[in-house]
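Asks: Here's my sequence, what's the structure:
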Amino acid sequence: MSELKVRSSASDLQATPVAHLTQISDYDEIVEIMRSRKFVQGSHYEARKTIMKDTLIVLEGKPHLRRRTILNQILNDDSIVELRQAHLVPAVDLCIAEVKALPPDADGVIATDLAELVQRCVYRVAAAVSGIDGVDTVATVDRMIAQVKSITAGFTVEWSMQPMDEVLAKANADQADFRKELFEASQAKRAELVEKFRRGEITREALPRDVLTYTLLHKDDAWPDDENLRLREMCLFLSAGSQTTANGFLLFVLLLEQWLDAHPEDRPLVLGDSDFLRQAVYESLRVAATVPARLRTAAEDVTLASGRKIAAGQQVALLTIPANMKNEKLFGSDPDHYNPHRKVEGTAHWGLTFGTGGHTCPGRPLVTGGRTMKSKTDVDGTLVSMARAFYAAGMAIDRRKQPEREAKTHYNNFSSVPVTFVR
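Replies: Take a look at the predicted model:
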């Protein structure tokens, strides 16, 4: 397997949409900007006009805080445990069963593509958390995957290598199909249950604990009673809860396998040490991410603690992975190398990968296993749960084929990672 090169350094971004922006890779400066109310969300400037309009990620101030506060009820520590047992574990088990049903070769080896497998797994979880029903078969989940990947391309159209108008047109068409095929029935079911709750016919505990239900419960204070907005919000949560997780898992497996090739003595730890996989996942989140940069716009003239001056209206590109990879104070020696044995104290092992401040990724607890920022938990998040199950089923990189990068975007995504299963 050729060496994985993560596209995260400043030099890698010179041919991307942020090449003309001020690029910041200093850890402390990024923290200050992300936590400052003097900066606002600066990304998705095309999608926010249409398919992402008024969704959580582009809101600021009190409306943003209100929605975040409500959604934290779904993603608190107790809920993470419930979501894991109710949705994550069954989704992983189903994916393993689907792999076992594939025909093996003469040596009993099953060859498949990890990119496809992990997409099916995380999309089922994302659908459950978002509140979308009807993805019970491989055909229906694959259909939803294709739709949401297209919509996601529209969300991040600035990073696409395809013509912008074509990407947006397809995203809008696929969002319309998603509405008819999955969203409308899911919303109607939850709207009926919410009305029963309001009439006192059922208890609050009888309601689904998902994003769509909560948007209906709070349509008078946090989400306007607008079906189009709910559709856009569901697409956002499906995208955020699936794309970055699926692509992050592929990066993790490739990084871990590179490490294990160089340190074969560690391979027994994958299944033999309960903490090894958690730390290996957290380390991959620190040094590799699909998002090349996070954008912020100054709402007024700002002078950072470092002395850097940023003018009102100026857009800056925050390079969180390079910031993580050069901070020896927080991450010790050789922070630019992947090391699953790295000891990190005083901060989250994954550094700035999920952001910080008001726009911190709301789904991080589901990915990492809890709300604690100290990377200490006994609950496996999405990535670790999939890794444990897939490695226990005998997953190995298929050395006969090379992983393939996604060619249509500047994002650090892989379209194919061939693997085999032997148990």
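Asks: now the strands for the stretch 201-350 of the chain?
Replies: 294-298, 302-303, 309-310, 315-318 (DSSP state E, counting those that start in this stretch).
Asks: any idea which of the ones you listed is most buried?
Replies: The highest mean neighbour count among the strands of the stretch 201-350 of the chain, using mean count of other Cβ atoms under 10 Å, belongs to strand 315-318: a mean of 22. For the C-beta atoms, the positions are set from N, CA and C on the backbone; glycine is no exception.
Asks: quick one on the thing from earlier: minimum distance to residue 49: which of the strands of the stretch 201-350 of the chain has it?
Replies: Residue 49 lies closest to strand 294-298 among these, at 15.5 Å (Cβ to Cβ).
Asks: Now the terminal residues of stretch 272-280, how far apart.
Replies: 14 Å (Cα to Cα, to the nearest Å).
Asks: can you check stretch 79-90 too?
Replies: 16 Å.
Asks: thinking residue 151 is in contact with residue 177, fair?
Replies: No: at 10.1 Å, residue 151 does not count as touching residue 177 under the criterion of Cβ atoms under 8 Å.
Asks: Make a markdown table out of the strands of the stretch 201-350 of the chain and add mean pLDDT and distance to residue 122.
Replies: Compiled in a markdown table, these are given as follows (pLDDT from 0 to 100; distance: least, Cβ to Cβ, whole Å):
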| stretch | mean pLDDT | distance to residue 122 |
| --- | --- | --- |
| strand 294-298 | 95 | 21 |
| strand 302-303 | 98 | 37 |
| strand 309-310 | 98 | 36 |
| strand 315-318 | 95 | 25 |
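Asks: now these in TSV, with distance to residue 277?
Replies: Formatted as TSV, the strands of the stretch 201-350 of the chain follow (distance: least, Cβ to Cβ, whole Å):
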stretch	distance to residue 277
strand 294-298	27
strand 302-303	41
strand 309-310	40
strand 315-318	29
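Asks: quick one: which of these is nearest residue 416?
Replies: Here strand 294-298 is closest among the strands of the stretch 201-350 of the chain (Cβ to Cβ), at 27.0 Å.
Asks: Contacts for stretch 17-35 next, please.
Replies: 10, 13, 39, 158-159, 292-296, 304-306, 308, 310, 314-320, 322-324, 326-327, 330, 351-352, 355-359, 410 (Cβ atoms under 8 Å, 6 or more residues apart in numbering).
Asks: What remains of these if I keep only buried residues?
Replies: Among the contacts of stretch 17-35, the ones that count as buried by 16 or more other Cβ atoms under 10 Å are 13, 39, 158-159, 292-296, 304, 310, 314-320, 322-324, 327, 330, 351-352, 355-356, 358-359, 410.
Asks: give me the number of residues near residue 268?
Replies: 10 (other Cβ atoms under 10 Å).
Asks: Also residue 192?
Replies: Other residues close to residue 192 by other Cβ under 10 Å number 11.
Asks: mind checking which helix or strand it is in?
Replies: Assigned by DSSP states H and E, residue 192 belongs to helix 184-198.
Asks: Give the buried residues for that helix.
Replies: 186, 187, 190, 191, 193, 194, 197.
Asks: Just the mean pLDDT for that helix, thanks.
Replies: The pLDDT scores in helix 184-198 average 97.
Asks: again with stretch 368-382
Replies: So the average pLDDT for stretch 368-382 ends up being 68.
Asks: Look at it and report the distance between its end residues.
Replies: Stretch 368-382 end-to-end distance (Cα to Cα) = 7 Å.
Asks: do the same with stretch 210-227
Replies: Stretch 210-227: ends 16 Å apart by Cα to Cα.
Asks: so what's residue 284 up against?
Replies: For residue 284, the contact set (Cβ under 8 Å, 6+ apart) comprises 248, 251, 252, 255, 256, 338.
Asks: For residue 256, see how far away it is.
Replies: Note on residue 284: its distance to residue 256, by Cβ to Cβ, to the nearest Å, is 7 Å.
Asks: And residue 141, by the same measure?
Replies: In terms of Cβ to Cβ, residue 141 sits 26 Å off from residue 256.
Asks: And these two? Which one has more around it.
Replies: The residue with more neighbours, out of residue 141 and residue 256, is residue 256; 24 against 21, by other Cβ under 10 Å.
Asks: Show the pLDDT at the nearest residue to that one once chain neighbours are set aside.
Replies: Closest residue in space to residue 256, ignoring its immediate chain neighbours: residue 280 at 5.3 Å, by Cβ to Cβ, 6 or more residues apart in numbering. Per-residue pLDDT puts residue 280 at 96.
Asks: wait, doesn't residue 280 sit right on residue 253?
Replies: No: at 9.8 Å, residue 280 and residue 253 do not qualify as touching, with contact defined as Cβ under 8 Å.
Asks: what sits in contact with each of these two?
Replies: Shared contacts of residue 280 and residue 253, defined by Cβ under 8 Å, 6+ apart, comprise residue 387.
Asks: for the chain, longest helix please?
Replies: In the chain, with assignment by DSSP state H, the single longest helix is helix 243-262.
Asks: Show me how far that helix is from its chain's centre.
Replies: Counting by Cα atoms, centre = their mean, to the nearest Å, helix 243-262 is centred 14 Å from the centre of its parent chain.
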